[in-house]
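Colleague: Have a look at this fold, sequence not included:
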């Protein structure tokens, strides 16, 4: 395949240490993450044996048998801690991190291999089941954590271990004599190796990532061969189809996202990262096709993906169930990862809008406001008695967040996502600095070969006014590319107090302000943020006749805590009047909640029949309250719905 | 427990030989059943080894290993054939039936035991797993078939075999020394033994039925003991709860229908039958409680029950999914069985209305118009790509009826239901003859000690005009109890041409015309049958904002074959005008279909976004067509919906 190098200068991202959140929405989330979530997750990893497993002293018959994905949980937690350390030094936390890293380093085998499960439980079976057993996936997470540790602390212990492991993997896998032509059943290592490449500038890591991506889905099929080698019939694959692993076809031959949603986004993130690093446009083209199909036919309005629980993944276009939607927290996070990497190719709000949509809705719903509990699935409707997948779970059951899971990928993933949020704000390339996300912050950035400090003052996402103070080392002509959010119908921009007509300069959702920037400049933006009713495409049968409420990037929902039961019986009038008021109580204090007049079906009497002639249950006027979707299930349990019937 | 005998004279039912369908809707169904379905099912039983299994010559390693429920399939087919023979002699069919009966008779063991699976496959394990293995269930179906054979042909071979088997079972099970205190995991034998009691007048069969019912759910729990005896831990029960078998509590202690829907209805039918035969009112009281709860909180508008596929059974009240509804054909049939037995206690349209609702909708949807294919599940909405349980089954998939199933209970059950429909029309007790169902027919009945012939002339269910010609042997005072269907808002009755004000005589949905009936009388009834919009109870979240269309007892639906795709985008106006016109084409010829004006969402362009501001997809006027629900999936595949959005 063609491997044309682009002539574009490389894109520059900015890590949490370079962009500091200084207040508002994200300061709050990040502080909760640092002070509550990270210590809690350390504790859980300790209690459940995940950290002890790295000591590799487990013997058959002992409790807490290591599991194939445990290394990844610990590695993701370390990665989250490192982002947090980059944002704010914390000697105790750093000591804890270093302690676990020392365990990993000590556990590394002389050949570089590093996996708690295999070394302890099945030493004879290394690399024999890539399809199912998360071995390369865990390796990827160790690599990501090592890169984050190096970037946050400058220490190289973990990075060195990760390099030795990656080098070992490169000896095992490849197209050379005696090498296995394998690739991971759960993608992750591809994107991690690109990060390792950027951190070390060692091209061999990028080559290995590229190998994994290009080898995927080739014939004869590696998973078939591997199954036969294990003495199994490949047809007995429990998941029935390699679509589950996005390995049914080569990555460039795949027409639409299929299978397990988290795997899919991690693969696409890896493809975008490799394409961005090598300039292989065919990977970007494949990613763009997938992005377009996914976001225009398979994505829930929360930015959540993976419609059903059965395969934790995709069904078909326009099938967007609400109560039974899966929408794993990790999959929304995967959307953010992938969109973030697509932005490396070019600023395009097709990506950054979805990154925003996913983060403020399907991602953040994954953690409770107290930072202590987590959703795995994030349905868009919930009913007492039914679990997060819409299955009856018993009278009195309520779907709520949990402190931990057997397969606990989501809690650590959301911890690293929140801690790493600062990296989503900016990219620069050559003479252009792009602002993708808005948050109260100070960024020490680079553009056009000089240092630029951007201070964002804003109450985003609750308010659409943002002031960017731009302080440049020297006067120079460069371009500031500002995302105008897709949800915004009326944006106003002023530069140094003067109106700026941005429409002529708008391209792919970004306004480019190309000018001579001097030592100090102020850009103020005002994004109108009225409550908006959103309708789903007519092919989405599950949302027919309904609207969702959105204010800025934030999706709203109805909860019984405010509105009693029978939420599906509520209808909005043809022309509803929305009133945004500050919420009250521990969870909603100061957060904009939406009041509106509506009608609802009068509650039935206990003795009412199950069916009656139309008109038997009339509608009565009511006032209802909508709250941000990501804050649901933090108060009294009950019903929840995002989609509201519209007269 | 109290065992008061009632002073009521026994109720008299009338078999297919006594009530003959002479034309119209049911003649058509029964002829298709006789000419197409029964021969086809014989062929399938032959091809799949079900009939050969009765020869009990299968040896390990041979194909077509007998299965635990195979005897029941063959027995149900024989039973269906016998009803058909009672309605219309057919020497070839009778010879075929007798041939299989001879196989059963020859297969009977010297002690009376008769089960193809156990005798051939696990002879050492008889009666060791009542919980799971359908042994008593198969016995029940053999008994039912034998009774039907005796009643249709007067031959006693099969009845004698059934009696010997029942006598054997009575030695194995009971509260005596050395007996097992077991009862079936899948109920059926209880209702069958009552039929055997009525056919033979041998009280011991009623006693055995009563034993099975009274023993159910007692402590210590038999299924626990039985599991321990098999060397299993009772807690490892794969279905987790004895609610699945309605054995979690004693039958009188159970508060609401739980578990597997078919099992539940068969149990309740048995309870009603035993209660009716013994006069044990506590069983009737328990049945009434169950009936009330089920029909007022758990029954779909098609008369289908068992909301979900996972347990083929119940969830919770007011949870009535449409696309993912299970609603097994056998469970709707079970509702008809149960309601039929409740009517033995007293005429009450709470039962006969639901019998009608189930038969014309959830039962008859189970078979194709050509009589060749069958639904197991009968959802109330269907979408291309999704199976009958609402699970994604692949692009291009359509949920359609099948010719046979591995577990093929529904095809033979619907065959016997249709062949036995005549028995649902009448019951008599003492000086009252009750007419429960209406159909073009001639019934040779008995009331007040004399013969009465009732000739029904009607195009029911398509037309609400019914003429009953009543010819009595002698002049006598007796009461004719006529069901006024619950769906009917305006009924008119004339007796010998004279208006009869029936409202004062209406009790529990039946009009009692108590008079001196002479040699000939004519009662003509006119049930107004406009198209009606039905609304579900406000607690049914799945039907919020929707109506279903019903005309007489027949539920209607929308299909893509008439209305294109996007059925959920269709809304009825506030005051729709319905026009009933004769349908066209092979499936609908002459059948009333409903036309109406409505609005629907304008089809989207391929490039439309997944989400847009409200108003992006406006509604346009349209004319739509609804057809009887039970006829869906007989034409071009596509979407189907029963519930239609209502402005």
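Modeller: Perfect, thanks for sending it. None of these values were measured; they are calculated from a predicted model.

Colleague: Distance from the chain centre to the helix or strand harbouring residue A:454, please.
Modeller: Using DSSP states H and E, residue A:454 falls within strand A:450-458. Between the centre of strand A:450-458 and the centre of its chain there are 25 Å (Cα atoms, centre = their mean, to the nearest Å).

Colleague: Next: stretch A:528-536.
Modeller: 23 Å.

Colleague: Flag every buried residue along that stretch.
Modeller: Buried positions in stretch A:528-536, judged by neighbour count with 16 or more other Cβ atoms under 10 Å in any protein chain shown: A:529, A:531, A:532, A:533, A:534, A:535, A:536. Yep, even glycine has a C-beta here, placed from its N, CA and C like the rest.

Colleague: which of those residues lies closest to residue B:642?
Modeller: residue A:536 (21.9 Å; Cβ to Cβ).

Colleague: Now do the same for stretch A:193-211: mean pLDDT, whole number.
Modeller: Here stretch A:193-211 scores 97 as its mean pLDDT.

Colleague: Doesn't residue A:52 lie inside a helix?
Modeller: Yes - under DSSP: H, G, I helix; E, B strand; the rest coil, residue A:52 sits within a helix.

Colleague: Now do the buried residues in the strand holding residue A:454.
Modeller: Buried-residue list, strand A:450-458, by 16+ other Cβ under 10 Å: A:452, A:454, A:455, A:456, A:457, A:458.

Colleague: Can you work out which other helices and strands pack against that strand?
Modeller: Under the contact criterion of 3 or more Cβ pairs under 8 Å, 6 or more residues apart in numbering or on different chains; DSSP states H and E, strand A:450-458 touches strand A:432-435, strand A:441-447, strand A:465-472.

Colleague: closest to chain B among the buried residues of strand A:450-458?
Modeller: residue A:458 (24.4 Å; Cβ to the nearest Cβ).

Colleague: quick revisit: the helices and strands packed on strand A:450-458 into CSV, with extra columns for mean neighbour count and mean pLDDT?
Modeller: Formatted as CSV, the helices and strands packed on strand A:450-458 follow (neighbours: other Cβ atoms under 10 Å in any protein chain shown; pLDDT from 0 to 100):
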stretch, mean neighbour count, mean pLDDT
strand A:432-435, 24, 98
strand A:441-447, 20, 97
strand A:465-472, 18, 97
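
Colleague: For chain B, which of those is the nearest?
Modeller: Taking these one by one with Cβ to the nearest Cβ, strand A:465-472 is closest: 22.2 Å.

Colleague: Now the element after the closest one, going C-ward?
Modeller: Following strand A:465-472 toward the C-terminus (DSSP H and E): strand A:476-483.

Colleague: For that following strand, what does the pLDDT average out to?
Modeller: 97.

Colleague: quick one: buried residues of the following helix or strand past it?
Modeller: Later in the chain than strand A:476-483, the nearest helix or strand by DSSP H and E is strand A:491-495. By neighbour count with 16+ other Cβ under 10 Å, strand A:491-495 contains the buried residues A:491, A:492, A:493, A:495.

Colleague: beta partners for the nearest residue to the second one once chain neighbours are set aside?
Modeller: In other words, residue A:492. Residue nearest to residue A:492 in three dimensions, not counting chain neighbours: residue A:526, with 4.4 Å by Cβ to Cβ, 6 or more residues apart in numbering or on different chains. As for beta bridges, residue A:526 partners with residue A:465, residue A:492 under DSSP bridges.

Colleague: Which pLDDT does the model give residue A:526?
Modeller: On the pLDDT scale, residue A:526 gets 98.

Colleague: cool, and residue A:349?
Modeller: 98.

Colleague: Please report how far the residue positioned nearest the centre of chain A lies from residue A:382.
Modeller: Nearest to the mean C-alpha position of chain A, counting by Cα atoms, centre = their mean, stands residue A:333 at 1.1 Å. To residue A:382, residue A:333 is 21 Å away according to Cβ to Cβ, to the nearest Å.

Colleague: OK, contacts around residue A:523?
Modeller: A:467, A:468, A:470, A:480, A:482, A:493, A:494, A:495, A:500, A:513 (Cβ atoms under 8 Å, 6 or more residues apart in numbering or on different chains).

Colleague: Does the first one touch residue A:521 like I think?
Modeller: This points to residue A:467. No - with contact defined as Cβ atoms under 8 Å, residue A:467 does not reach residue A:521; the gap is 11.0 Å.

Colleague: that older thread, distance to residue B:374 added to the helices and strands packed on strand A:450-458, as JSON lines?
Modeller: Conversion of the helices and strands packed on strand A:450-458 to JSON lines gives the following (distance: least, Cβ to Cβ, whole Å):
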{"stretch": "strand A:432-435", "distance to residue B:374": "61"}
{"stretch": "strand A:441-447", "distance to residue B:374": "64"}
{"stretch": "strand A:465-472", "distance to residue B:374": "63"}
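
Colleague: element containing residue A:535, please.
Modeller: Assigned by DSSP H and E, residue A:535 falls in strand A:531-536.

Colleague: does any part of that strand sit near chain B?
Modeller: Yes - using Cβ under 8 Å from any Cβ of the partner chain, we find that strand A:531-536 touches chain B at A:532, A:533, A:534, A:535, A:536.

Colleague: Adding distance to residue A:376 and pLDDT, write those out as CSV.
Modeller: Shown next, in CSV, are the residues of strand A:531-536 next to chain B (distance: Cβ to Cβ, whole Å; pLDDT from 0 to 100):
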residue, distance to residue A:376, pLDDT
A:532, 29, 98
A:533, 30, 98
A:534, 26, 98
A:535, 29, 97
A:536, 24, 97
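
Colleague: What number of residues are in the vicinity of residue A:159?
Modeller: 23 (other Cβ atoms under 10 Å in any protein chain shown).

Colleague: pretty sure it contacts residue A:148?
Modeller: No - using Cβ under 8 Å, residue A:159 is not in contact with residue A:148; the gap is 9.6 Å.

Colleague: Enumerate the residues of the stretch 501-647 of chain A near chain B.
Modeller: So the stretch 501-647 of chain A meets chain B at A:532-541, A:544-545, A:547-548, A:566-569, A:571, A:601-604, A:608-617, A:639, A:645-647 (Cβ under 8 Å from any Cβ).

Colleague: out of these, which are inside strands?
Modeller: Under the assignment DSSP state E, those contribute A:532-536, A:547-548, A:571, A:601, A:611-613, A:645-646 to strands.

Colleague: Would you pull up the residue in the stretch 351-500 of chain A closest to chain B?
Modeller: For the stretch 351-500 of chain A, Cβ to the nearest Cβ, closest residue to chain B: residue A:392, 3.8 Å.
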